[in-house]
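Colleague: Sequence plus predicted model, see below.
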Amino acid sequence: MKIEIAKDSNAVAVDLKSVPLQTKRTLLYEKFISPIFDETGRIIDITFNAPLDFNFAYDVVDVLAKTQPTKKGLIWCNEQGDEKILTFREIRTLSNKTANFLGSQGVKKGDMVMLTMSRDWRYWPVLMGLHRIGGVAVPATYLLTAKDLEYRMNAASIKMLLTTPRFGIAAAISTLHDVLAVLGIIWLLDKEMTLLIITALLTLAGYSLNDTVVIFDRIRENQQKNPDLSLYDTINNSINQVLARSVITVLTVLFTVLSLFFLGGTAIHDFSFALLIGLLAGTFSSIFVASPLLAVKWRRAS
């Protein structure tokens with residue numbers, strides 16, 4: 001390196017040709033991709049150098065989780081204003097848990113797993129978990145009907161179906177509400193808990209769940225027909241469309257249960273009474289409990 005200091009001046013001339021260049025930092029993608037630039041610096045072609053055993057979860061996510069554990073790896077948000085930020089370390093942890101769960105359920109390398117995640121942030125950790133065990137992800141819309149799901153699962157030999165819990169949680173809470181309502185009335189009236197009452201509880205749980213599923217199916221259909229409509233408007237429209245059906249169904253069953261209650265004798269009096277209370281609670285919960293729960297923003301406690 002040659003340095004010259006001019007007389008009567010503070011200027012310094014440096015021969016840069018002899019200055020060693022700094023070592024260029026190697027980026028992770030350069031291990032697997034070699035871009036080709038033209039004279040203006042634009043990419044005109046890409047050469048892929050990934051090995052045959054390349055695995056995105058191990059070769060990319062795990063490396064970044066080790067070298068840059070606190071770096072943001074996923075920023076997810078939706079139209080309702082919800083947001084989820086995951087670091088590479090958190091993605092590695094969640095994907096490892098997913099891989100362990102899938103392995104415990106018998107999913108092996110090459111098995112197909114259908115994902116109906118409804119634009120959920122969990123889709124990406126689940127996808128990385130499938131990468132770890134060599135599973136094949138089959139994305140599908142959550143608007144599919146039961147018949148559509150059955151056809152696709154049989155045609156593609158799907159090993160497992162993973163979906164978001166929104167509809168399931170709402171239906172479970174609604175059914176639990178009906179059972180607890182009947183149990184509470186029976187306790188307040190100091191009635192004996194018999195096998196007939198337990199049978200009535202199981203019967204009304206199935207009835208309530210079926211009524212809830214009818215509304216949920218209509219919500220799915222309307223979401224598919226009008227995807228631009230807000231979730232709240234879709235729920236309101238769906239309830240109004242099946243309201244007449246729900247009222248007619250409950251009145252038909254109610255007349256039968258009232259006949260059992262007044263004419264069936266003491267042997268089935270408690271059974272018909274539990275069904276009577278359960279019918280009213282089930283109709284109420286399907287409309288005013290299960291459906292509004294779909295619009296609830298589920299968040300983990302911080």
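Modeller: Happy to help now that I have it. Remember, predicted model here, so these are calculated numbers, not experimental data.

Colleague: care to break the protein down by domain?
Modeller: Per automatic domain parsing, the structural domains of the chain span 3-48, 56-165, 167-293.

Colleague: Turn those domains into TSV, including mean pLDDT and mean neighbour count.
Modeller: For glycine as for every other residue, the C-beta is placed from the backbone atoms N, C-alpha and C. Output for those, formatted as TSV (pLDDT from 0 to 100; neighbours: other CB atoms under 10 Å):
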stretch	mean pLDDT	mean neighbour count
domain 3-48	65	9
domain 56-165	87	16
domain 167-293	87	16
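
Colleague: all strands of this protein, in order?
Modeller: 3-5, 12-14, 33-37, 43-48, 72-77, 83-87, 112-116, 136-139, 158-163 (DSSP state E).

Colleague: Is it possible to get JSON lines of those that adds distance to S208?
Modeller: Converted to JSON lines, these look like this (distance: least, CB to CB, whole Å):
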{"stretch": "strand 3-5", "distance to S208": "88"}
{"stretch": "strand 12-14", "distance to S208": "83"}
{"stretch": "strand 33-37", "distance to S208": "55"}
{"stretch": "strand 43-48", "distance to S208": "55"}
{"stretch": "strand 72-77", "distance to S208": "34"}
{"stretch": "strand 83-87", "distance to S208": "33"}
{"stretch": "strand 112-116", "distance to S208": "24"}
{"stretch": "strand 136-139", "distance to S208": "32"}
{"stretch": "strand 158-163", "distance to S208": "21"}
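
Colleague: Between those strands, which one is closest to D148.
Modeller: Proximity to D148 (CB to CB) singles out strand 112-116 among those, at 10.6 Å.

Colleague: Paired strands for the closest one, with orientation please.
Modeller: Sheet partners assigned to strand 112-116 using DSSP bridges are listed as strand 136-139 (parallel), strand 158-163 (parallel).

Colleague: And the spatially most central residue of the chain, how close does it get to V253?
Modeller: Centroid-nearest residue in the chain, with CA atoms, centre = their mean: T164, separated by 2.6 Å. Separation of T164 from V253 (CB to CB, to the nearest Å): 32 Å.

Colleague: With T283 instead?
Modeller: 10 Å.

Colleague: for L74, same thing?
Modeller: 48 Å.

Colleague: before we move on, what about D178?
Modeller: 14 Å.

Colleague: One more: L127?
Modeller: 45 Å.

Colleague: Likewise for L162?
Modeller: Applying CB to CB, the value for L162 to V253 is 36 Å.

Colleague: cool, A171 as well?
Modeller: 19 Å.

Colleague: now S272
Modeller: 11 Å.

Colleague: cool, and V296?
Modeller: From V296 to V253 the distance is 29 Å (CB to CB).

Colleague: N49 is in contact with K31, correct?
Modeller: Yes. Assessed by CB atoms under 8 Å, K31 is found in contact with N49 at 7.2 Å.
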